[in-house]
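> fold the following, please.
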Amino acid sequence: MTLEQLAAFVAVAEREHLTMAASSIGLSASTVSAAIRKLEQQYGVQLFDRHRRGIALTKAGKIFLGEAKATLARVKQAESILAEANRTKGQSNK
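Sure thing, here's the model as predicted:
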């Protein structure tokens with residue numbers, strides 16, 4: 001599982017539209033679709049029901065969404081901590 005797969009999953013889950021989700025995270029629709037498909041295949045779980053009118057979360061997808069969002073939030077927090085450490089590093093060397 002990669003962060004790109006998680007970001008793609010969350011974006012599609014929130015927008016229920018592949019193209020809009022892809023645009024929101026700066027990836028192509030084909031890249032987002034492939035990331036989700038690979039995630040589903042890797043774990044043997046269908047996360048979305050796909051139909052002519054769009055895409056909707058399955059029960060498993062709804063359960064996974066909370067964890068995926070929490071994981072991405074933790075990664076963002078970790079990145080902020082590292083960025084802050086980098087800023088203060090320069091100040092402590094003075």
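
> doesn't A56 fall inside a helix?
No. Read with DSSP: H, G, I helix; E, B strand; the rest coil, A56 is strand and lies in no helix.

> now it: how far from R15?
A56 sits 11 Å away from R15, going by C-beta to C-beta, to the nearest Å. To be clear about C-beta, it is placed using only N, CA and C from the backbone, and glycine gets the same treatment.

> of these two, which one has the most company?
Set A56 next to R15 and count neighbours by other C-beta atoms under 10 Å: R15 wins out with 16 against 13.

> tell me the contacts of that one?
Applying C-beta atoms under 8 Å, 6 or more residues apart in numbering, we find R15 in contact with A21, S24.

> which neighbouring elements make contact with the biggest helix by length in the chain?
Secondary structure assigned by DSSP state H gives helix 59-92 as the longest helix of the chain. Here helix 59-92 touches helix 3-15, going by 3 or more C-beta pairs under 8 Å, 6 or more residues apart in numbering; DSSP states H and E.

> what's the angle from the helix it packs on to helix 59-92?
In terms of direction (axes from the mean of the first three to the mean of the last three C-alpha atoms, to 10 degrees), helix 3-15 departs from helix 59-92 by 120 degrees.

> now the residue nearest in space to the middle of the chain: closest residue in space that isn't a chain neighbour?
Nearest residue to the geometric centre of the chain (C-alpha atoms, centre = their mean): A7, 1.3 Å. Nearest in space to A7, with sequence neighbours left out and distances taken as C-beta to C-beta, 6 or more residues apart in numbering, is I25 at 5.3 Å.

> now the phi/psi pair for that neighbour, please.
Taking degrees, to the nearest 10, you get phi -110, psi 10 for the backbone angles of I25.
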